[in-house]
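> sequence plus predicted model, see below.
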Amino acid sequence: MAGIEAAGLVKVYRSRRGQARALDGVDLTVDEGSVLGLLGPNGAGKTTCVRILATLLRADAGSARVGGLDISREAQQVRRLIGLSGQYAAIDENLTGRENLWMFGRLYQLPSAEARRRADELLGRFDLEDAADRVSKTYSGGMRRRLDLASALIGRPRLLFLDEPTTGLDPRSRLAMWEVIRNQVAEGVTVLLTTQYLEEADELADTIAVVDRGRIIARGTAAQLKRQVGGERIEIVVRDPGDMGRATALLGPDGGVTVDEHERRLTVAAQGGAQQLVDVVRDLGDEGIAVADVGLRRPTLDDVFLELTGHGAEEPLPERVAT
Amino acid sequence: MSAVRVVATDGGIVAWRNLKRIPRIPELAIFAILQSIMFVLLFAYVFGGAIPLPGGGSYKEYLMPGIFIQTLGFGSITTAIGMADDLQKGLIDRFRSLPMARSAVLSGRTVSDLIYNACLLVVLMATGLAVGWRVHNGIGDFLAAVALMLGFTLAMLWIGVLLGLLVPSVEVAQQLGFLVIFPLTFVSNAFVPIQTLPSVLQTFAEWNPFSALVSACRELFGNPNPFAAGTYPGEHSIVLSVIWIVVLLVVFAPVAVHRYQAIDR
């Protein structure tokens, strides 16, 4: 049985300046108990997709079932199954952490005593016990996110929607957040997660769907996507522009080298990984070519985008709207 | 749990969290009260002496019903700010993702802000008594005045809800609210007898809902009410107040509810 099934989702935002197709026919399936990562830049339509599936937004076309229930006809029943944690911590700043969790638990229709018990449990699990009775306005960014995620989990949802759960977090908070998400998955929760980071999708998701301009342009595991963009690559910056020609020949005798004249940067796919890098560095030394920088670079979201769409992830698109 | 109980419980929980905000940000209530007290002192002791009332009577007694209505009118801005804040912080989204009564966000807001404004009214009445305002009629008239003021609060509150749902930010809610409420309170009979106004403004002031409410309260409290004689709105201020409250509610409450339900578009 599928955790989430969506077919042909379309959402058009209309404003005075015209209309923008935020979603342009999105199909997706998330198997029960698995994690789907929606990967894409700002404005690609990730948030719109999550908002529709979490019953916050009505799609203009298409249909979806969440936990086997129709999102438009059985929205209230869907809400009993889901937890949502958004890009911005949606907590009541004037309530304490404990009060927030109790309130959301009550509104999830838990009895008061159970809401209190569940709040205590989550405060402990999310390392918020010491701050539990402080007004959440005083919390750090990481603490707010944890409280937000705890709020999403208060009703023990079977399905979890996480919209950029780690954007803006420091590295330590990010690792802690990943751990929490993994624990949910271990408990059998189905997760739909959006992210701008290939690394994050790689860490957490069983399958990844790459979103661009309201469409899903690629699907697969992280390994499949990386293979598609050529895996790791070696990047070299030579010191002397005069060495560019010799270095290019050395790096890719059969071609395949991307040359950036201005930056004196050469990039080539490295199927051989670290060993190939060692070989290249040795050859450059033997040839007496001085390098300013050298390294093995893993594909980033930008590489995936360049490969799949021909434009970078950060390239501004005229029809893009904030979602 | 029955559907009716869910509606009541969820509305109550939302009202509870709205009211929690008051002791947690005490500045808000304190400034609202101080601002009103400042107006009382300013008009009672600074401007009041220069404002002769046609037909005589105590200016302080004349003033207080104006202050009550002004403060309750400004209360709608507090409501707008609260709604706008919840909307922008994503709290409304969270509420809408929960299996709670769909009406709870608005019903909870209505209940909490009515309670808040009623508390402000009590503080202002005490202030009024301290500067020499008195109630001269019976308890029945007094309660009728209180009922009118709470009805007015309810009507203004729905205007605040709608405003809060329409504006792009809390700051705009504040500025826009001020822009609407300020002329309504000052081009009315709240502080000055409107006989002194130029004729266009005088017509506006006569039919201004704030004037009707202020005049009705003066009438019911037995305070000086020079507006009462000679004009149609002046002579029927109590009936007009009820009509205004009903009209504002009938117009703004459904529009606000519709607007709230259309968030998912």
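Cool, got the structure. Computed from a prediction, not measured in an experiment: that's the story for all the values here.

> how much space between B:Met56 and B:Pro224?
To be clear, residue B:56 is Gly; Met isn't right here. B:Gly56 is 7 Å from B:Pro224, where distance means Cβ to Cβ, to the nearest Å. Backbone N, C-alpha and C define where each C-beta goes, glycine included.

> of the two, who's got more company?
B:Pro224 (21 against 9; other Cβ atoms under 10 Å in any protein chain shown).

> what's the closest non-adjacent residue to that one?
Spatial nearest neighbour of B:Pro224, excluding adjacent residues (Cβ to Cβ, 6 or more residues apart in numbering or on different chains): B:Gly57 at 3.0 Å.

> so who does that neighbour touch?
By Cβ atoms under 8 Å, 6 or more residues apart in numbering or on different chains, the residues touching B:Gly57 are B:223-224, B:226.

> the same query, at a cut-off of 10 Å, please.
By Cβ atoms under 10 Å, 6 or more residues apart in numbering or on different chains, the contact set of B:Gly57 is B:218, B:223-226.

> that's a strand at it, yeah?
No - secondary structure of B:Gly57 (DSSP: H, G, I helix; E, B strand; the rest coil): coil, not part of a strand.

> any idea how far it is from B:Phe191?
B:Gly57 sits 15 Å away from B:Phe191 when distances are taken as Cβ to Cβ.

> which elements pack onto the helix or strand hosting B:Asn117?
Assigned by DSSP states H and E, B:Asn117 belongs to helix B:104-131. The contact analysis (3 or more Cβ pairs under 10 Å, 6 or more residues apart in numbering or on different chains; DSSP states H and E) places helix B:104-131 against helix B:3-24, helix B:26-41, helix B:59-88, helix B:91-97, helix B:139-166, helix B:237-261.

> can I get those helices in JSON lines including mean pLDDT, mean neighbour count and distance to A:Gln196?
Shown next, in JSON lines, are the helices and strands packed on helix B:104-131 (pLDDT from 0 to 100; neighbours: other Cβ atoms under 10 Å in any protein chain shown; distance: least, Cβ to Cβ, whole Å):
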{"stretch": "helix B:3-24", "mean pLDDT": "93", "mean neighbour count": "17", "distance to A:Gln196": "32"}
{"stretch": "helix B:26-41", "mean pLDDT": "91", "mean neighbour count": "15", "distance to A:Gln196": "37"}
{"stretch": "helix B:59-88", "mean pLDDT": "94", "mean neighbour count": "24", "distance to A:Gln196": "22"}
{"stretch": "helix B:91-97", "mean pLDDT": "93", "mean neighbour count": "22", "distance to A:Gln196": "20"}
{"stretch": "helix B:139-166", "mean pLDDT": "96", "mean neighbour count": "21", "distance to A:Gln196": "30"}
{"stretch": "helix B:237-261", "mean pLDDT": "95", "mean neighbour count": "17", "distance to A:Gln196": "31"}
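
> OK, contacts around the residue in the stretch 151-300 of chain A that chain B sits nearest to?
Per Cβ to the nearest Cβ, A:Ser151 is where the stretch 151-300 of chain A lies closest to chain B, at 6.9 Å. By Cβ under 10 Å, 6+ apart, A:Ser151 lies in contact with A:83-85, A:89-92, A:97, A:100-101, A:103-105, A:108, A:119, A:122, B:94, B:98.

> mind listing which of those are in helices?
Counting by DSSP state H, the part of these found in helices is A:97, A:100-101, A:103-105, A:119, A:122, B:94.

> just send those residues back as a markdown table, with distance to B:Leu124 too.
What follows is those, written out as a markdown table (distance: Cβ to Cβ, whole Å):
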| residue | distance to B:Leu124 |
| --- | --- |
| A:Gly97 | 36 |
| A:Asn100 | 33 |
| A:Leu101 | 37 |
| A:Met103 | 31 |
| A:Phe104 | 36 |
| A:Gly105 | 38 |
| A:Ala119 | 38 |
| A:Leu122 | 43 |
| B:Arg94 | 35 |
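
> pick the one among these closest to B:Val14.
A:Met103 (8.5 Å; Cβ to Cβ).

> OK, contacts around that closest one?
By Cβ under 10 Å, 6+ apart, the residues touching A:Met103 are A:91-92, A:95, A:115, A:119, A:151, A:154, B:13-14, B:16-17, B:20, B:95, B:98.

> give the contact list for the residue of chain A found nearest chain B.
Distances between chain A and chain B by Cβ to the nearest Cβ are smallest at A:Ala90, namely 3.5 Å. Neighbouring residues of A:Ala90 by Cβ under 10 Å, 6+ apart: A:84, A:100, A:104, A:144, A:147-148, A:151-152, B:86, B:89-95, B:97.

> what's the spacing between B:Tyr116 and B:Trp244?
On the measure of Cβ to Cβ, B:Tyr116 and B:Trp244 end up 22 Å apart.

> skipping its backbone neighbours, what lies nearest the residue nearest in space to the middle of chain A in space?
The centroid of chain A falls nearest to A:Thr195 when counting by Cα atoms, centre = their mean (1.4 Å). Distance criterion Cβ to Cβ, 6+ apart; nearest residue to A:Thr195, sequence neighbours excluded, is A:Ala201 at 5.4 Å.

> helix, strand or coil for that neighbour?
Applying three-state DSSP: A:Ala201 is helix.

> isn't it right next to A:Val210, touching?
Yes - judged on Cβ atoms under 10 Å, A:Ala201 makes contact with A:Val210 at a distance of 9.0 Å.

> between these two, which contacts overlap?
With Cβ under 10 Å, 6+ apart as the test, A:Ala201 and A:Val210 both reach A:37-40, A:225, A:301, A:304.

> highest neighbour count among those?
Neighbour-wise, the shared contacts of A:Ala201 and A:Val210 (other Cβ under 10 Å) top out at A:Leu39, 30 neighbours.

> and that residue, how far is that from A:Leu193?
According to Cβ to Cβ, A:Leu39 stands 9 Å off from A:Leu193.

> brilliant, that's me finished.
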